[in-house]
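Visitor: below are the sequence and a predicted model for it; my questions follow.
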Amino acid sequence: MAERAGAAEALHRRGVRLRLGCTVAAVEQDAVVLSDGRRVPSDLTVWALGVTAPSQVADWGLPQGAGGRITLTEALNVPGHPEIFVAGDLAGQPSPQPQLAQPAIQMGAHAGRQIAAALRGGSARPFAYRDPGIMATVGKAEAVLQLPNGVSVRGLPAWLVWILIHVMYLLGGRNRASVLLNFFWRYAGPRRSATSVTQ
């Protein structure tokens, strides 16, 4: 809860107005209509609905559950089809994971290990998610970080950790150095002035 409140506060400082507790009922040419009846004027609407399976997944003939995700066993394979494994946003395992990068990465690695084990005559083992915590950045020097033990960090320290972890995942020392240099030049280097021309 503290992380959500911190993120909301950071967005508020940047001029973002949050409308919580209702859903989008309709998108019109010049407005968004909310489920509580409010109409929000909008010249440009970007609507992120969440993650659902593409309609083509239904053509595969596999069992589907919430959000069109494929119904799986604890081992991430399809019931009745032990040779088919699913990872990431399409995975509808009995113990649902958040639709984030870390669960998808771990599921992919697990599926790969299970396929290799099956080729050696082994049996599938259940997937166990190792929670590394959650991070989100809101803007310059503003981020939230929550560790698996419940400890949370906000602001500049969390933002620096966010940068460090994302750079560590890049391949090659030259890529890491280049991204770090560009990143700090963008945020700590000389400010560019914006000029407007009117006729």
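Guide: Thanks, I have it. Numbering: from 1, shown residues only.

Visitor: show me the contacts for the residue nearest to residue 138 when sequence neighbours are not counted.
Guide: Nearest non-adjacent residue to residue 138, counting by Cβ to Cβ, 6 or more residues apart in numbering: residue 10, 4.2 Å away. All C-beta atoms are positioned from the backbone trio N, CA, C, and that covers glycine. Going by Cβ atoms under 8 Å, 6 or more residues apart in numbering, residue 10 touches 138-139, 142.

Visitor: please pick the buried ones from these.
Guide: 138, 142 (16 or more other Cβ atoms under 10 Å).

Visitor: what would the contacts of residue 10 look like in CSV with distance to residue 23?
Guide: Below are the contacts of residue 10 laid out as CSV (distance: Cβ to Cβ, whole Å):
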residue, distance to residue 23
138, 23
139, 26
142, 27
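
Visitor: list the residues that contact residue 140.
Guide: Here residue 140 is in contact with 159, 187 (Cβ under 8 Å, 6+ apart).

Visitor: buried residues in the lengthiest helix in the chain?
Guide: Secondary structure of the chain read by DSSP state H shows that its longest helix is helix 101-119. The neighbour-count check on helix 101-119 (16+ other Cβ under 10 Å) flags 102-104, 106-107, 110-111, 114 as buried.

Visitor: how about those in a markdown table, adding distance to residue 4 and pLDDT?
Guide: Formatted as a markdown table, the buried residues of helix 101-119 follow (distance: Cβ to Cβ, whole Å; pLDDT from 0 to 100):
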| residue | distance to residue 4 | pLDDT |
| --- | --- | --- |
| 102 | 19 | 87 |
| 103 | 20 | 91 |
| 104 | 23 | 91 |
| 106 | 24 | 94 |
| 107 | 26 | 95 |
| 110 | 30 | 96 |
| 111 | 32 | 94 |
| 114 | 36 | 93 |
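
Visitor: want to throw the residues you listed into JSON lines with distance to residue 32?
Guide: Shown next, in JSON lines, are the buried residues of helix 101-119 (distance: Cβ to Cβ, whole Å):
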{"residue": "102", "distance to residue 32": "32"}
{"residue": "103", "distance to residue 32": "31"}
{"residue": "104", "distance to residue 32": "30"}
{"residue": "106", "distance to residue 32": "36"}
{"residue": "107", "distance to residue 32": "34"}
{"residue": "110", "distance to residue 32": "40"}
{"residue": "111", "distance to residue 32": "39"}
{"residue": "114", "distance to residue 32": "44"}
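
Visitor: nearest to residue 159, of those residues?
Guide: Set against residue 159, the nearest of those by Cβ to Cβ is residue 102 (18.9 Å).

Visitor: thought that closest one was touching residue 135?
Guide: No. If you go by Cβ atoms under 8 Å, residue 102 and residue 135 don't touch, sitting 9.9 Å apart.

Visitor: how distant is stretch 42-62 from the center of its chain?
Guide: Averaged C-alpha coordinates place stretch 42-62 at 15 Å from its chain's average position (Cα atoms, centre = their mean, to the nearest Å).
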